[in-house]
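> Below are the sequence and a predicted model; questions follow.
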Amino acid sequence: MKLVIVESPTKANTIKRFLGSDFEVNSSYGHVRDLPEKKLGVDIKHDFKPLYVTIPKAKKRIQELKQASRKALLIYFATDQDREGEAIAWHLVSALKPKKEKIKRITFHEITKNAIINALKNPQEIDMGLVDAQQARRILDRLVGYKLSPFLWRKVRKGLSAGRVQSVAVRLIVDREKEIKRFKPEEYWTIETKLKKQEGLEKFIAKLIKQNDKTIPKLGIKSKGKAQKIINDLKGVTYKVINIEKKELKKSPYPPYTTSTLQQDAANRLGFSTKFTMMLAQQLYEGIELGAKGSTGLITYHRTDSLNLADQALKEARKVISKNYGEDYIPAQARLHKTKSKLAQEAHEAIRPTGFSRTPEDIKKYLDERQYKLYKLIWQRALASQMKEAILDSTTVDIEAKNYTFRATGSVIKFDGFTRIYPLAIKENILPPLEKEEMLNLIKLIPSQHFTQPPSRFTEASLVKTLEKNGIGRPSTYAPIISTIQGRGYVKKEGKYFHPEEIGILVNGLLVKHFPNIVDIKFTAHMEDDLDEIAKGEKKWARVVGEFYEPFSKNLRIKEKEVSKKELTEQKTNKLCLKCGKPLVIKLGKFGKFLACSGFPECKYTEPLGEEKRLKEKYSGKVCDKCGAKMAVKYGKFGPFLACSNYPKCKNIKPIVKSTGVKCPKCSQGEIIEKKSKKGRIFYACNKYPKCKFALWQKPTGKKCPKCGSLLAWASKNKIKCSNKECGYEKEVSVDK
């Protein structure tokens, strides 16, 4: 008997289908060993030697695998092919202790029969470079977390944490918020003209671009007065076509997905979080039950930086394109997409279907709705990457009016190419046939007021893109980074956008000032480069850890004495304590800022501030409808609520509803209120739920769309937009919500 060990039982079930009765396939259920939970587990004095222990929940599994391994002639460790998978294989060998001649390491990029059989024919040894790189990352993160987190507990409050990569992600969000708050909008105007041919009914729009043959910059018309002056200057003038330029534009297909681009597209197109996207991708990779065919791996490995596609996959893609869409859609040669990242080395292929002929519609009945959507996205992107360009005919028309020049642009899709299966927001704008020197009739001049916009807050997609661009983290780390910074309460998500919490701003400020390397983008990216060099065998992991830890540890000892908790967490006020007369200070608690007596702990007087104060004043007269005692404002995982002050004798609680003051457009009886999902994401819904299920992610303004009558909602960059996705109406505003 030969034993194959993988991480997941689903993966095991899929692989079993391809192997004969002389193979047994078992799962380790993930990692079996790790650093201990309740102590450092790293011997700093002896080259940072890690102390690994068996994970408690894995003990029984290890015993079962040991029994199976004793009977096996050969043991194939078939864990994933990245650093984490290599480390799991190494830990399994260390835990099972099989004879050296039994140990075989196999890897594959897809769970198909050919890939598995080929891997079994070509076993390798465990790549200790990858193991050392994973080990270095784990030890670095343990040293930072175990040493810096207690420092934050002592100087700020208990329960906080810091990490090499998560702290950089928080810094990006905090710095973006500072940019937004510093931003001062500038007014500017644009002028368009609606024109028509002298003979014919076709109307079109042209935009003012020049005055006296000089280009008008974006902010060139700064006020209504200047715009009106131009409007007045254009009264009674003639409009003549002075130039027509036609050219063919080609739009090349995007490459197939990497982990990062899949996460970004799934967020932008499907609204999936990075964590949810990776969970679905894992399911598609490990195998889905396809009726009589059994468990089948539908996509290749989903943690990858590579844009490469295997030769066999390229051939199959071209056959499917030819069969389904015709020869006109196939380029002369297969497209080879090259990554710009120097770090793309952990995997061999981009993310693609294991079979292009397995269309999304063919297997839709076996997938749930979200699995289907993600598989379809992967199938479309990978197949489209091997199709011809989309071709557009573009026309630019310059129109003279006195000493002003207007420009009209039009485009027509000549050949849809790859967009036939991977749609893009390419809109046709058809201009009427025009000729040089042709005179045109003015319908009206359209002056429009605008305001410059601050940078957008980060979404999950844009945060992943920025982390990848700066070399922070790796494909497997983006989802856990984003989950961690929300779970720790450093940032919150409102709609699609990240906002820093007060505690996140405070901790970030402390780290920037006292531990700049921890939150420095270039330093963190350089550390990732070091880990890559360890993986390639070019650097020793213990030396890299030492070069980081020694200055970090020295600085930590200095800051332990230098940094005062009061300076960080207390802010002086002119108010006096009503109980003892000592000055009150502003403190930061778990649920925000509050006033406290500076004589604490002798005097424990406190006063609420901000939102808490407003709520306490609002509900000060509220009494319990069960026992008659006063109701008190309390805080929980999902925010504030009312609880009986006679607790635990009376356990009556009531939700505190945050109303938007907007009437529900669907039932016309309820009111739109702010709610929070199980994952902590804020959304807005009718308070008559479940009778009325109207909901939207953006906060409603209370006004209706002038185009379709639906509710208008706040969008990014000081814009309001229609809540009806099919409408598309949006408008800039000058004030922040």
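The structure has been received and is ready for your questions.

> Can you tell me the SS state at the nearest residue to residue 517 once chain neighbours are set aside?
In this structure, residue 517 finds its nearest non-sequential neighbour in residue 523, 4.7 Å apart by Cβ to Cβ, 6 or more residues apart in numbering. For glycine as for every other residue, the C-beta is placed from the backbone atoms N, C-alpha and C. Recorded secondary structure, residue 523: helix (DSSP: H, G, I helix; E, B strand; the rest coil).

> I figured residue 523 was touching residue 515, is that so?
No: Residue 523 is beyond contact range of residue 515, at 10.5 Å (criterion: Cβ atoms under 8 Å).

> Looking at these two, which is more packed in?
Counted by other Cβ atoms under 10 Å, residue 523 and residue 515 do not tie: residue 515 has more neighbours, with 19 against 14.

> Now do the contacts for that one.
Remark: with contacts taken as Cβ atoms under 8 Å, 6 or more residues apart in numbering, residue 515 is in contact with 148, 162, 552, 555, 556, 559.

> Against residue 565, how distant is the last one?
So that's residue 559. Distance of residue 559 to residue 565, given as Cβ to Cβ, to the nearest Å: 12 Å.

> Which one of these two is surrounded by more residues?
The neighbour comparison of residue 559 against residue 565 (other Cβ under 10 Å) goes to residue 559, with 16 against 11.

> Leaving out chain neighbours, which residue sits closest to the more buried one?
residue 514 (4.9 Å).

> Count residues in the vicinity of that neighbour, would you?
For residue 514, the count of nearby residues is 17 (other Cβ under 10 Å).

> Tell me which of the contacts of residue 515 has the lowest pLDDT.
Among those, residue 162 carries the lowest pLDDT, at 87.

> who's in contact with the residue lying closest to that one once chain neighbours are set aside?
For residue 162, ignoring the flanking residues on the chain, the nearest one in space by Cβ to Cβ, 6+ apart is residue 148 at 4.3 Å. Counting by Cβ under 8 Å, 6+ apart, residue 148 touches 162, 515, 518, 556.

> can you pull the contacts of the first one?
Contacts for residue 162 (Cβ under 8 Å, 6+ apart) come out as 144, 145, 148, 149, 152, 507, 511, 515, 518.

> same thing with residue 509?
By Cβ under 8 Å, 6+ apart, the contact list for residue 509 reads residue 174.

> For the residue nearest to residue 127 when sequence neighbours are not counted, give its distance to residue 33.
Nearest non-adjacent residue to residue 127, counting by Cβ to Cβ, 6+ apart: residue 86, 5.4 Å away. Separation of residue 86 from residue 33 (Cβ to Cβ): 14 Å.

> quick revisit: which of the contacts of residue 148 sits closest to residue 490?
Minimum distance to residue 490 across the contacts of residue 148 is 9.9 Å, recorded for residue 162 (Cβ to Cβ).

> Which helix or which strand is home to residue 414?
Element membership for residue 414, per DSSP states H and E: strand 404-415.

> The nearest residue to residue 73 once chain neighbours are set aside and residue 104, how far apart?
Of all residues not flanking residue 73 in the chain, residue 2 sits nearest, at 5.8 Å (Cβ to Cβ, 6+ apart). Distance of residue 2 to residue 104, computed by Cβ to Cβ: 9 Å.

> go on, residue 158?
Between residue 158 and residue 104 the computed distance is 48 Å (Cβ to Cβ).

> hmm, back to that, the residue nearest to residue 559 contacts residue 563, correct?
Yes: assessed by Cβ under 8 Å, residue 514 is found in contact with residue 563 at 6.2 Å.

> so where's the protein uncertain?
340-347, 591, 637-638, 679-680, 716-718, 733-737 (pLDDT under 70).

> Would you mind splitting it into its domains for me?
2-126, 136-183+459-563, 187-252+390-451, 266-384, 569-655, 674-732 (automatic domain parsing).

> chain center to the fifth one, what's the gap?
Looking back up the chat, that one is domain 569-655. Relative to its chain's centre, domain 569-655 lies at 36 Å (Cα atoms, centre = their mean, to the nearest Å).

> Return the residues in contact with the closest residue to residue 410 other than its chain neighbours.
Using Cβ to Cβ, 6+ apart and skipping the chain neighbours, the partner closest in space to residue 410 is residue 431 (3.5 Å). Counting by Cβ under 8 Å, 6+ apart, residue 431 touches 204, 395, 397, 408, 409, 410.

> which among those residues end up buried?
Using 16 or more other Cβ atoms under 10 Å as the burial test, those include 204, 395, 397, 408, 410 as buried.

> Format the residues you listed as CSV; extra columns: distance to residue 122.
Shown next, in CSV, are these (distance: Cβ to Cβ, whole Å):
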residue, distance to residue 122
204, 63
395, 57
397, 62
408, 61
410, 56
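
> Quick check: buried residues in the strand holding residue 414?
By neighbour count on 16+ other Cβ under 10 Å, the buried set for strand 404-415 is 404, 405, 406, 408, 410, 411, 415.

> about what we covered before: so which of residue 86 and residue 33 has more stuff around it?
Legend: neighbour count by other Cβ under 10 Å for residue 86 and residue 33, higher for residue 86 (26 against 18).

> I'd say that one and residue 125 touch.
No: Residue 86 lies out of contact with residue 125 (Cβ under 8 Å); the separation is 10.7 Å.

> Identify the single longest helix in the chain, thanks.
Counting residues, the longest helix found in the chain (DSSP state H) is helix 128-155.

> Show me what the helix or strand just after that helix is packed up against.
Counting by DSSP H and E, the element after helix 128-155 in chain order, helix or strand, is helix 166-182. Packing partners of helix 166-182 (3 or more Cβ pairs under 8 Å, 6 or more residues apart in numbering; DSSP states H and E): helix 460-469, helix 478-487, strand 497-500, helix 502-514, helix 521-535.

> where's residue 207, which helix or strand?
Judged by DSSP H and E, residue 207 forms part of strand 203-211.

> Please list the outside residues in contact with that strand.
Under Cβ under 8 Å, 6+ apart, the answer for strand 203-211 is 190-196, 215-216, 230, 397, 399, 403-408, 410, 431-432, 443, 446.

> so it versus strand 404-415, what angle?
If you take axes from the mean of the first three to the mean of the last three Cα atoms, to 10 degrees, strand 203-211 sits at 130 degrees to strand 404-415.

> Off-centre distance for the next helix or strand after strand 203-211?
Helices and strands here follow DSSP H and E; after strand 203-211, the next one along the chain is strand 214-215. Relative to its chain's centre, strand 214-215 lies at 40 Å (Cα atoms, centre = their mean).

> following strand 214-215, which helix or strand shows up next?
helix 224-233.

> distance between the next helix or strand after that next one and the chain's centre?
On the C-terminal side of helix 224-233, the closest following helix or strand by DSSP H and E is strand 239-251. Centre-to-centre, strand 239-251 and its host chain are 39 Å apart (Cα atoms, centre = their mean).

> In strand 239-251, which residues are buried?
239, 241, 244, 251.

> still on that earlier bit, with the contacts of residue 148 in mind, which one is nearest to residue 628?
Of all these, residue 162 has the smallest distance to residue 628: 47.3 Å, by Cβ to Cβ.

> OK, contacts around residue 660?
Contacts of residue 660 (Cβ under 8 Å, 6+ apart): 671, 672, 673, 674, 684, 699, 700, 702.

> Dump these into TSV; add neighbour count as well.
Shown next, in TSV, are the contacts of residue 660 (neighbours: other Cβ atoms under 10 Å):
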residue	neighbour count
671	14
672	25
673	19
674	15
684	22
699	19
700	22
702	13
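
> List just the nearest of those to residue 220.
Distances from residue 220 to the contacts of residue 660, taken as Cβ to Cβ, are shortest for residue 699 (33.8 Å).

> And the residue positioned nearest the centre of the chain, how far from residue 284?
When Cα atoms, centre = their mean is applied to the chain, the residue found nearest the centroid is residue 460 (2.0 Å). Taking Cβ to Cβ as the measure, residue 460 falls 20 Å from residue 284.

> what's the answer for residue 199, then?
58 Å.

> Counting neighbours, go ahead and name the busier of these two.
Using other Cβ under 10 Å as the criterion, residue 199 and residue 284 rank with residue 284 on top: 22 against 6.
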